[in-house]
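In: Any chance you can model this:
(one chain, ligands or ions: 1)
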Amino acid sequence: VNQLQLFLPCAAGVEPLLEAEVKKILGAGAQAEAVSAGVLVQASWRETLQLNLWSRLASRVLVQLQRRPYAKEEDIYEAAHDVAWEIWFTPQESFKVELTSRGSPLKSLNFAALRIKDAICDRFRAKSGSRPNVDTHSPDTRVYAHLTNDRVTLYIDTSGEPLFKRGWRDADGFKGDAPLKETLAAAMLAASGWSPEQPLVDPCCGSGTILIEAAQLALGIPPGGARRFGFEKLRPFEAHIWNTIKTVANNEGGMRANPSKSTENLHIYGSDVAHRMVDFAQRNAERAGVAQALNLRGGDALQRKPPCERHPSLGGLLLLNPPYNERIAVAGLAGNAGHANSPDRQPREPRIHRAEPRHVQPVSNPSPAERSQSHEFASQRDTTDDFFSQLATHWKTHYDGWTAWLLTPDLKLPGRMRLKETRRVPLWNGPIECRMFRFDIRGRQEKSQS
Ligand SMILES: C[S@@+](CC[C@H](N)C(=O)[O-])C[C@H]1O[C@@H](n2cnc3c(N)ncnc32)[C@H](O)[C@@H]1O
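Out: Now for the predicted structure:
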């Protein structure tokens, strides 16, 4: 296995950030090109393992094995049959075919996937007399196929579980309420241009994803250091090469970014109105090996003052995905505002609706059904408006000179905050279109006496 053509898929909007990350991991001379939905990279096998270990932004690392025109299912069968799968796995490993398409004229994509599976099995049987089993639940090997209107591309996956699974979340337990994917938190950090010398505050930190990503980045801890990878079951895998890559990563901080090995100069702070989320973020940080680098506490974002001075030239960064709708509701002081009969205005814990809608509608853009749905949601929207206008006022009063970046599916958020954004970056959270809005916070000017 010499020079490989890789495709690293990522969330829409992240492509240029991932291209820059690949060049940081492999060196500035690396051949990497951002394309739609991912980055094409020319790399060696060793570099393929390094990308799996170090990429914070890619969702997988795929090796492209075939790309050719097709018109009908049988062309796809031939394309799959011509790939030397036996270089990559043996009939003893189970496999699964996943197929995506954009504009394919074929009537049944399931049938196309089935023909790819048949082609792989037929090839193995012809070469060795036996064929691998299919396992759709936890396969040893994953084959990806992508169809455009006239081209089929086939890949073998080297990652296994998607790369956002860093290995530090409690696999069986509570995952948090709508936790951000780790890859998206990393994209937020990259898009904001955060550097570890700059104080970082997430005042709605939830399970702590943004802060944990930031601390690992600052400390040079590889995002994949605590997990297994699909390539460990592929034929080219050699344990001694992988062990050397991991040893280098652990000893030298690996990535060419001069990561700080000390937590002394780090100012990474998080808080959440829900104290149980803060405990939970703390446990996540411990499992991720960064607990000593984070300062976490409970508290309402509307009351949280800057936990440290801002950096003289870099300022300070507020980075968050705030509560955004009836699914993850605003809590705390603003959460109480619409509930005049709450006796003592104690901050409410967030309300979590577990019957989660698959596609979350932005607050600003409710569907007609939602609009008529309930008075409760209407009052929730008022609460949300209150929260954001109060947050803007709080920041103007206490965070002069800081920069805030907010990720939200609510495209009208700047209006709610009555702040003008200085940048907006489109990012997709799975199927949900989001924006990262940047606000340069300037303190309130006292009205001059005339
Ligand atoms: C969308 S979640 C953030 C998820 C987080 N980034 C993660 O990865 O887990 C929003 C968070 O805001 C918190 N929250 C709601 N109202 C708040 C308030 N007034 N002050 C601080 N946090 C609040 C909720 O408890 C919830 O954890």
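In: Who does the closest residue to F89 other than its chain neighbours form a beta bridge with?
Out: Nearest non-adjacent residue to F89, counting by CB to CB, 6 or more residues apart in numbering: T141, 4.7 Å away. (Each C-beta comes from the backbone N, C-alpha and C, glycine too.) Applying DSSP bridges to T141 yields these beta-bridge partners: F95.
In: What about the residue of the stretch 251-400 of the chain found nearest the ligand, how many residues nearby?
Out: The stretch 251-400 of the chain approaches the ligand most closely through G332 (3.0 Å), counting by CB to the nearest ligand atom. Counted with other CB atoms under 10 Å, residues neighbouring G332 total 24.
In: Verify the stated contact: it with A301.
Out: Yes: here G332 lies in contact with A301, judged by CB atoms under 8 Å, at a distance of 7.0 Å.
In: looking at the chain, which helix or strand is least sure?
Out: Lowest on mean pLDDT, DSSP states H and E among the helices and strands of the chain sits helix 368-373, with a mean of 49.
In: buried set for the helix or strand encompassing E78?
Out: Per DSSP states H and E, E78 falls inside helix 73-81. By 16 or more other CB atoms under 10 Å, the buried positions in helix 73-81 come out as 73, 75-77, 79-81.
In: where does the residue of the stretch 251-400 of the chain closest to the ligand fall, phi/psi-wise?
Out: phi 80, psi -150 (degrees, to the nearest 10).
In: related to what we said a few turns ago, so which residues lie in contact with the helix holding E78, not counting its own?
Out: Residues outside helix 73-81 that contact it (CB atoms under 8 Å, 6 or more residues apart in numbering): 66, 68-70, 106, 111-112, 115-116, 118-120, 122-123, 145, 147, 152, 154.
In: Could you tell me which of these belong to helices?
Out: Residues of the contacts of helix 73-81 located in helices (DSSP state H): 111-112, 115-116, 118-120, 122-123.
In: Would you map the helices across this protein?
Out: All helices of the chain, identified by DSSP H, fall at 15-26, 45-54, 73-81, 109-128, 182-192, 209-219, 239-252, 275-287, 333-337, 368-373, 375-398, 413-417.
In: what does the protein put close to the ligand?
Out: 176-180, 203-204, 206-207, 209-210, 272-274, 277, 300-302, 321-323, 328, 330-332, 334, 350 (CB under 6 Å from any ligand atom).
In: Neighbours of the nearest residue to H146 once chain neighbours are set aside, how many?
Out: Distance criterion CB to CB, 6+ apart; nearest residue to H146, sequence neighbours excluded, is T153 at 4.7 Å. As a burial measure, T153 scores 19 neighbours (other CB under 10 Å).
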